[in-house]
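[1] Sequence and predicted structure are below.
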Amino acid sequence: MKYNEISHFSHPQHKLKFEYSEFPFKCDGCKEVGIGSRYKCSICDFDLHMHCAIPSPSICHPFYTKCSFQFFSRPPGDKPRYCNACEKDVTGFVYHCKSCGYDLHPCCAKLPMVLDDGEVKLYLYRKVSSSCHKCGRKGRSWSYRSTCKNYNLHVACVKEMLVENWHELYSGRGRSRRLETRIPTLKNTLQSHHKKSKGKVKKCCEMAALAVQFVISAVLGDPTALIAGVIGSLMSRG
C-alpha cells in the first residue's frame, strides 16, 4: 500500500512524502541502506524504506511457521541482536519473535519468495547446500538460488558487497560522490568467478549479473525490474 504523504511516529514534526530515488539512502528507521521507493522529509533529510514507513504490526514468515513476529521501533532487551535473514546487526526497526528470539530487518522480513524478470527466476531459501556465487561457502544466511541452480547468492553477501562499495556514501562522508563511482567491485565480483571467454561462460556471467541485480534490488527494499535495471546500468560502468 502506497500513500503520497504520511505522518510517522518516528518523525512527528513533519510529514513524509513518497518519492523515488535512483541513489542509495540510509533508512532512519532500520538503519540499513535502501534505494528506489522511499518516504522522505526534505526538510530534515529523513528517509524511510517503504517497509519501515508502513510496517505491519505483526507478521508470519514461511521459514518460521511457529513464530509470530511483532514490529518494534528499537531492538528489545539490552543484548546485541542480529537479523536471522542476513546475519547483520539490528540497530533500529525490527520484527521480533518473543517466543523464539528471532529477529528480522523489515526489508529482510519482506523479501519476495520469488524474483522473476522473465529470464531469470530466483527462489528464496533459508539454507541451501550449494556454494554462494560471491563467497564460495555453503549454508550461512538466507539465499536466492536460480531455477537452474547455477546461481546462488547469500543475502548476507549481497549486503557485504553493498557495504564494501557504499560505505562512504551511506555513512555520510561521501554523499556528493556519484553512485557509479562506487559500483566497480560488484562487477569485478562476478568476473572473478569465471575466466573471460566466449560462448557459454560469457552467457553465464551475463545471467549471473542479472541475478545479482534483482537480489540487490530486493535486499535494498525495492524488488522491481525498474530499479534492478538502474543497478545493472551502474554495474556495467567503470
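    Ah, there it is.
[2] all contacts plus neighbour counts: C-alpha atoms, from now on.
    Will do.
[3] Would you agree residue 35 is in contact with residue 23?
    Yes. In terms of Cα atoms under 8 Å, residue 35 counts as a neighbour of residue 23; the distance is 6.0 Å.
[4] With neighbour numbers in mind, choose between the two.
    The residue with more neighbours, out of residue 35 and residue 23, is residue 35; 24 against 15, by other Cα atoms under 10 Å.
[5] so where does the more buried one fall, helix or strand?
    According to DSSP states H and E, residue 35 maps onto strand 33-41.
[6] Would you state the strands of the chain in chain order?
    5-6, 16-26, 33-41, 46-49, 58-61, 64-72, 81-82, 89-90, 94-96, 103-104, 114-116, 121-125, 143-146, 152-154 (DSSP state E).
[7] elements contacting the first one?
    Taking 3 or more Cα pairs under 8 Å, 6 or more residues apart in numbering; DSSP states H and E as contact, the helices and strands that strand 5-6 lies on are strand 16-26.
[8] What strands flank the strand it packs on, and is each parallel or antiparallel?
    strand 5-6 (antiparallel), strand 33-41 (antiparallel) (DSSP bridges).
[9] Other residues contacting the shortest one?
    Pointing back at strand 5-6 there. With Cα atoms under 8 Å, 6 or more residues apart in numbering as the test, strand 5-6 has contacts from 15-18, 39.
[10] What about those, which one has the most neighbours?
    residue 39 (27 neighbours).
[11] Grab the nearest non-local neighbour of it.
    Once flanking residues are discounted, residue 39 sits nearest to residue 18: 4.4 Å by Cα to Cα, 6 or more residues apart in numbering.
[12] What pLDDT is listed against the one you found?
    On the pLDDT scale, residue 18 is placed at 94.
[13] That one and residue 59: what is the separation?
    Separation of residue 18 from residue 59 (Cα to Cα, to the nearest Å) stands at 24 Å.
[14] now do residue 104
    Taken as Cα to Cα, the span from residue 104 to residue 59 is 11 Å.
[15] Provide the contact partners of stretch 93-104 at residue level.
    29-31, 52, 58-59, 67-76, 81-85, 90, 105-106, 109.
[16] Mind giving me the PyMOL select for these, buried ones only?
    Buried subset of these, written as a PyMOL selection, criterion 16 or more other Cα atoms under 10 Å:
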select buried, resi 29+30+31+52+59+67+68+69+70+71+72+75+81+82+83+84+85+90+105+106+109
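[17] Distance from stretch 65-72 to the middle of the chain?
    Between the centre of stretch 65-72 and the centre of its chain there are 20 Å (Cα atoms, centre = their mean, to the nearest Å).
[18] so what's the residue nearest to residue 39 up against?
    Taking Cα under 8 Å, 6+ apart, we find residue 18 in contact with 3-5, 37-40.
[19] Using the record, which stretches count as separate domains in the protein?
    Annotated domains of the chain cover 5-53, 58-104, 111-169+208-231 [the TED database].
[20] Specify which residues of this structure, grouped into ranges, have pLDDT under the cut-off.
    1-2, 117-120, 140, 162-209, 225-238 (pLDDT under 70).
[21] quick one: the helices in it?
    With DSSP state H, the ranges of helices along the chain come out as 50-53, 106-109, 155-171, 184-191, 200-219, 225-235.
[22] How about residues contacting the first one?
    Spelled out, that is helix 50-53. By Cα under 8 Å, 6+ apart, helix 50-53 touches 8, 29-30, 37-39, 93, 106-107, 110, 221.
[23] and those residues as CSV, adding distance to residue 116?
    Shown next, in CSV, are these (distance: Cα to Cα, whole Å):
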residue, distance to residue 116
8, 32
29, 28
30, 26
37, 19
38, 22
39, 26
93, 28
106, 21
107, 18
110, 16
221, 16
